[in-house]
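Asks: with the sequence up front, the predicted model follows.
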Amino acid sequence: MDSKNIQQIKQRYSIVGNYEGLNRAIDIAIQVAPTELSVLIVGESGVGKEVLPRVIHDNSSRKHNKYFAINCGSLPEGTIDSELFGHKRGAFTGAVDDREGYFGVANNGTLFLDEVGELPLATQARLLRVLETGEYIRVGESEVRKTNVRIIAATNVNMQKAIREGKFREDLYYRLNTIPIQIPPLRERGRDIELLFRKFALEISEKYRFEPIRLNDEARILLLKYKWPGNIRQLRNLTEQMSIISREREITAEMLREYGVTDDSLGQTGLIVSGKGHEQQSAEQHSYEKERDMLFHLLATINKEVKELKDFVHSNMSSMQDVKRDDIRVINDHPIQTEIPTHFVPSGYQPHQSYYPQGPDIEVIDAQTVEETPLTNHDVLKKHIIDSLQRNKGNRKKTSAELGISVRTLYRKIKEYGLEE
Ligand SMILES: Nc1ncnc2c1ncn2[C@@H]1O[C@H](COP(=O)(O)OP(=O)(O)OP(=O)(O)O)[C@@H](O)[C@H]1O
Ligand SMILES: [Mg+2]
């Protein structure tokens, strides 16, 4: 094994891990790259199959030519042949123009056929032909065309089973599988689990500018014991979720258990198992995953904005001699107006209203408001106190609780601002 080369590849493609099985997979990719051989990358969902085809292409003599990654599982059965092999104008309803197809446009380049196990049998027959002879026919045409495309395929499907069940052609399987590359599941990778956790924790903390989460000893052991049915994708999602949602920066085993990480199960992971690429995955799961990603993005954005708002308030309030830190909570404990993507806005939401349906309807200080009405910090606080007193019908206990300041401070402020009556 050429370990220097392997390290360079890892750096260039941000591949993390030192597990021998991973190194072996990268080593085979480097060795096979300069050849014309077909490669089949196999491994469970989420193990990291998608990076190797790129490594192979970039290290081959085709590197200056086209590279296409096609997810065979996401192409509708009705159009898959036309997508791959092209069609003639008028070949079917909707075929208003000639279409070249991937095998035509990728001539002299590389095609990565991801989730190849999902190809319909008719398409498998066309693919076999092009692999064996370099020839293909566009849909609706009889003219035979030539192409010179290198094929790299990947699958998380048990191909032997698919062949037994008549879902995948055995001859095509052997043709694709000239060089097999096996990517090991995460549960076998030992210390790499922690390295990956750190990478993902750091990445998200840099993106949203907060302190990265870290593991305590118990949590580290639990991550090693867990079976990781969704592999690295699951670990990445879990790390991102915990980074954003958890208030604590030190992650304990107990906290991990709350997220479904257990010592003995294969997948009671609820939220965090990302189903992408699973054989039985439904369209609903796809959109659920997308929504969840957007939700975390939104949460992270809100966190970031709250932090910025806090900084803003702190810097503006620092001139106030006698306002204690406690008083600042009036801002922190109340709804923050932020740009909320329209698909997350609950029905009935009105701009400039509290985002939380039951939350107190307190006007939020933001940079814009301050610019438009040049209030002093005393004015701002006074206004909050007046509004809150009105809402609570003069009840000082409720007002102080709502504002997050002590009753004593509230009395002092009421007196100071002349709000006694
Ligand atoms: N060794 C690694 N270092 C860093 N990130 C990795 C590593 N392996 C995988 N990842 C990340 O994990 C995620 C899942 O990887 P990938 O999409 O390649 O999975 P896959 O094997 O193609 O799964 P599926 O069969 O479900 O499509 C990606 O975000 C990828 O960047
Ligand atoms: Mg994939």
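Replies: Nice, thanks for sending it over. Ligands and ions are numbered 1, 2, ... in the order given.
Asks: how close does the closest residue to ligand 1 within the stretch 1-150 of the chain sit to residue 10?
Replies: Nearest to ligand 1 in the stretch 1-150 of the chain, going by Cβ to the nearest ligand atom, is residue 48, at a distance of 2.5 Å. Quick note: C-beta positions are derived from backbone N, CA and C, even for glycine. According to Cβ to Cβ, to the nearest Å, residue 48 stands 11 Å off from residue 10.
Asks: okay, these two: which has more neighbours?
Replies: Set side by side, residue 48 and residue 10 show more neighbours around residue 48, with 21 against 18, by other Cβ atoms under 10 Å.
Asks: what separation is there between the more buried one and residue 250?
Replies: 28 Å.
Asks: over to residue 218?
Replies: 11 Å.
Asks: okay, domains of this structure per the record?
Replies: Annotated domains of the chain cover 3-184, 190-281, 319-416 [automatic domain parsing].
Asks: make JSON lines out of those domains and add mean pLDDT and distance to residue 309.
Replies: Below are the domains of the chain laid out as JSON lines (pLDDT from 0 to 100; distance: least, Cβ to Cβ, whole Å):
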{"stretch": "domain 3-184", "mean pLDDT": "96", "distance to residue 309": "33"}
{"stretch": "domain 190-281", "mean pLDDT": "85", "distance to residue 309": "14"}
{"stretch": "domain 319-416", "mean pLDDT": "55", "distance to residue 309": "6"}
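Asks: would you mind giving those domains as JSON lines with distance to residue 306 added?
Replies: What follows is the domains of the chain, written out as JSON lines (distance: least, Cβ to Cβ, whole Å):
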{"stretch": "domain 3-184", "distance to residue 306": "30"}
{"stretch": "domain 190-281", "distance to residue 306": "11"}
{"stretch": "domain 319-416", "distance to residue 306": "6"}
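Asks: residue 386 is in contact with residue 413, correct?
Replies: No - contact criterion Cβ atoms under 8 Å: residue 413 and residue 386 do not qualify, at 10.5 Å.
Asks: okay, and the common contacts of these two?
Replies: Contact with both residue 413 and residue 386 is made by residues residue 419, according to Cβ atoms under 8 Å, 6 or more residues apart in numbering.
Asks: higher neighbour count, the two?
Replies: Per other Cβ under 10 Å, whichever of residue 413 and residue 386 has more neighbours is residue 413, with 21 against 14.
Asks: so who does that one touch?
Replies: 381, 382, 385, 405, 419.
Asks: host element of the third one?
Replies: Which is residue 385. Using DSSP states H and E, residue 385 sits within helix 377-391.
Asks: in that helix, which residues are buried?
Replies: Burial within helix 377-391, assessed by neighbour count using 16 or more other Cβ atoms under 10 Å, is assigned to 377, 380, 381, 382, 383, 384, 385, 387, 388, 389.
Asks: stretch 150-159 too?
Replies: Judged by neighbour count using 16+ other Cβ under 10 Å, the buried positions of stretch 150-159 are 150, 151, 152, 153, 154, 155, 156, 157, 159.
Asks: helix/strand/coil for the second one?
Replies: At residue 151, secondary structure determined by DSSP: H, G, I helix; E, B strand; the rest coil is strand.
Asks: quick check: residue 29 touching residue 54?
Replies: No - the pair residue 29 / residue 54 is not scored as a contact, 9.6 Å apart, by Cβ under 8 Å.
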